[in-house]
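Undergrad: Test case, fold it:
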Amino acid sequence: MPEVLDERFAFGENWQKFLAELTPDRVAEAEASLRRMLGVGTLAGKTFLDVGSGSGLFSLAARRLGARVHSFDYDPQSVACTAELRRRYADGDPGWTVERGDALDPAYLAALGTFDVVYSWGVLHHTGDLWRALGLVTERVAPGGTLWVAVYNDQGGKSRVWRRVKRAYNRLPPGLRFLVLWPAFAYLVTPSLLFDLARGAPLRTWREYARTSRGMSLWRDVVDWVGGYPFEVAQPEEVFAFCRDRGFRLERLRTWGGGHGCNEFVFRREAGDR
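TA: Got it, this is the predicted structure:
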C-alpha cells in the first residue's frame, strides 16, 4: 500500500548540509562507484537519467564521465542542490539539465524519452508508491540500456519498527528530533565504532566512510535513514522478478542480507524489448 505523504522528510535540507562537506575526493569516489557498478571506464556518448538526484553528486559524476545528464527530483531543495553543483562544476553546460519532476508522473517521464543509463539510488522507496515508480522508471530505459536501482531491504518486523521510528522523527518539531536521531545513531553506528576500537583503529569507519560508501557522509546518511519517509521495502527477489518480467536481465547485485541498507541492482534491458 502506498505510504502517507503528509509527513515527508525534508531530504533537500539534509543534502544542502552535505554540499558543505563535498570535497574533490568525494566526487572522485562517486565517479569510481559508477565505473565499478556499471562495468565501464567512461560514459562518453551515453545519456544518463538521474531519478531523484538529491545532492546532485552522481549527476555530476556521470557528467564528468562523459554522459549527457538529465537530473530531476521531487523535492525543491534537492533540485536546488543539484543545480548548485551544476553551477559550481559545469556552469552553462548544455550537456546537463536539472529540473523538478515526479517519478510518479507518467506524463512527465514519458516526455523525457529513453536513456542509455537510468540511475535511481535509494529514491523509489520514498515516493509513496515503490512499485508504480519502479514500473514507470523501467520504461525510461532504452533497449539495450542499463537500469541501476537501489531499494531498501525488507527486514520484516524490523522494517515495521523503523517505519514507526521514521514517522515519529518527522512528527516531532525540528528542535526535538534529536530525541529520535541520537538513540538511532547510537544503535546504528556504535557497533562499528567499538569494533574499530577493538582492532586498534579508532574511528576508522567514520574516517573511511566516504571511500567505502560512494563518496557519501556517514552522519548525513544516518540522518537520511532515520528521517527518510515515506518508507517502503522490498525483498531482492521481488525486485528481480518485477524487472525480469519487464524484459530486464540482472547483471550485478549487491545485497545487505538481513541488514537495513539498500540492495543494489544493475539490470540490462533486452535489446529487442520496447
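Undergrad: Please count neighbours and contacts with C-alpha atoms only from this point.
TA: Will do.
Undergrad: gap between stretch 221-231 and the chain center?
TA: 11 Å (CA atoms, centre = their mean, to the nearest Å).
Undergrad: And for it, what's in contact with it?
TA: Residues outside stretch 221-231 that contact it (CA atoms under 8 Å, 6 or more residues apart in numbering) are 3-5, 7-9, 11, 14, 125-128, 162-163, 165-167, 169-170, 181, 184-185.
Undergrad: average pLDDT across it?
TA: What stretch 221-231 shows for mean pLDDT is 87.
Undergrad: For it, list the C-alpha coordinates in CSV.
TA: The C-alpha trace of stretch 221-231 is given here as CSV (Å, rounded to 0.1, in the frame of the first residue of the first chain):
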residue,chain,number,x,y,z
ASP,A,221,23.4,9.1,5.6
VAL,A,222,22.2,8.3,9.2
VAL,A,223,20.0,11.4,9.2
ASP,A,224,18.6,10.4,5.8
TRP,A,225,18.0,6.9,7.1
VAL,A,226,16.3,7.9,10.4
GLY,A,227,14.2,10.6,8.8
GLY,A,228,13.5,9.1,5.4
TYR,A,229,9.8,8.9,5.0
PRO,A,230,7.7,7.7,3.1
PHE,A,231,9.3,4.4,3.6
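Undergrad: In terms of secondary structure, what does the longest helix belonging to the chain contact?
TA: Determined from DSSP state H, the single longest helix within the chain is helix 178-198. In terms of contacts (3 or more CA pairs under 8 Å, 6 or more residues apart in numbering; DSSP states H and E), helix 178-198 is packed against helix 157-171, helix 204-207, helix 218-227.
Undergrad: So which bits of that helix are buried?
TA: Within helix 178-198, the residues that qualify as buried are Val180, Leu181, Ala184, Phe185, Ser192, Leu193, Asp196, counting by 16 or more other CA atoms under 10 Å.
Undergrad: Check stretch 148-167 too.
TA: Neighbour-count burial for stretch 148-167, counted by 16+ other CA under 10 Å, picks out 148-155, 159, 162-163, 165-167.
Undergrad: ok, now stretch 76-90?
TA: In stretch 76-90, counting by 16+ other CA under 10 Å, buried: Pro76, Gln77, Ser78, Val79, Ala80, Cys81, Thr82, Ala83, Glu84, Leu85, Arg86, Ala90.
Undergrad: so can I have TSV of those residues showing secondary structure and distance to Leu134?
TA: Formatted as TSV, those follow (DSSP: H, G, I helix; E, B strand; the rest coil; distance: CA to CA, whole Å):
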residue	secondary structure	distance to Leu134
Pro76	helix	21
Gln77	helix	23
Ser78	helix	20
Val79	helix	20
Ala80	helix	24
Cys81	helix	24
Thr82	helix	22
Ala83	helix	25
Glu84	helix	27
Leu85	helix	26
Arg86	helix	26
Ala90	helix	30
